[in-house]
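Engineer: Fold the following.
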Amino acid sequence: MTNEDILKALGNVQEPDLGKDLVTLNMVKDITIDGNNVSFTVVLTTPACPMKEMIMNACINAVKLLVNKDAVVTVNFTSNTSSNRKDNKSILTGVKNIIAVVSGKGGVGKSTVASNFALALAAGGAKVGLMDADIYGPSQHIMFGIRGERPLMREEDAERLDSTY
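Structural biologist: From the prediction side, this is the model:
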């Protein structure tokens, strides 16, 4: 088995959302071969990829069917997320991406969608924070079964904050 053999086999594995194979999309990294043991990393577009298991099974099957039926295949995952920001300013230190769930109308399920979205991303391995900016009655505490708690608030030095942004 060679790296080229593995890449050729993985060239038959399609990324379900993007409609092209993993090799063409440059999503295969760090191929290691040691006897019958093969490992590599698939770089996903999001850490919460819902097709992760399907992609893993397709990769294992491709290597076993097209390269070596006795191969012991280990598929590792990582993710590359990107931003459309053009400046290099950090709005929130340590925060890579911000996703807003918004609507101009009340009662349409924004809190429910935001809660479920946060849980799904966290279940997929993403580090998630959730803020409910509903000034009339934030409902996140209800969504997560927390009663009788109040959000922690603290005063910060306004001068320091102004210089940060």
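
Engineer: pLDDT score assigned to the residue nearest the centre of the chain?
Structural biologist: Geometric centre of the chain, nearest residue: P47, 1.9 Å, by Cα atoms, centre = their mean. P47 is assigned a pLDDT of 75 by the prediction.

Engineer: got it, and N116?
Structural biologist: pLDDT, read off for N116, is 88.

Engineer: helices and strands around the strand or helix carrying it, which ones?
Structural biologist: N116 belongs to helix 110-123 when elements are defined using DSSP states H and E. Helices and strands touching helix 110-123, as assessed by 3 or more Cβ pairs under 8 Å, 6 or more residues apart in numbering; DSSP states H and E, comprise helix 140-143. All C-beta spots, glycine's among them, are computed from the backbone N, C-alpha and C.

Engineer: Give the rounded mean pLDDT of stretch 7-26.
Structural biologist: Mean predicted confidence for stretch 7-26 is 90.

Engineer: quick one: contacts of it?
Structural biologist: Stretch 7-26 has contacts (Cβ atoms under 8 Å, 6 or more residues apart in numbering) with 27-28, 31, 40, 42-43, 45, 51, 54-55, 58-59, 62-63, 65-67.

Engineer: what's the spacing between that stretch and its chain's center?
Structural biologist: From the chain centre to the centre of stretch 7-26 is a distance of 18 Å (Cα atoms, centre = their mean, to the nearest Å).

Engineer: Which residue ranges make up the domains of this protein?
Structural biologist: Following automatic domain parsing, the chain resolves into domains at 3-79, 88-154.
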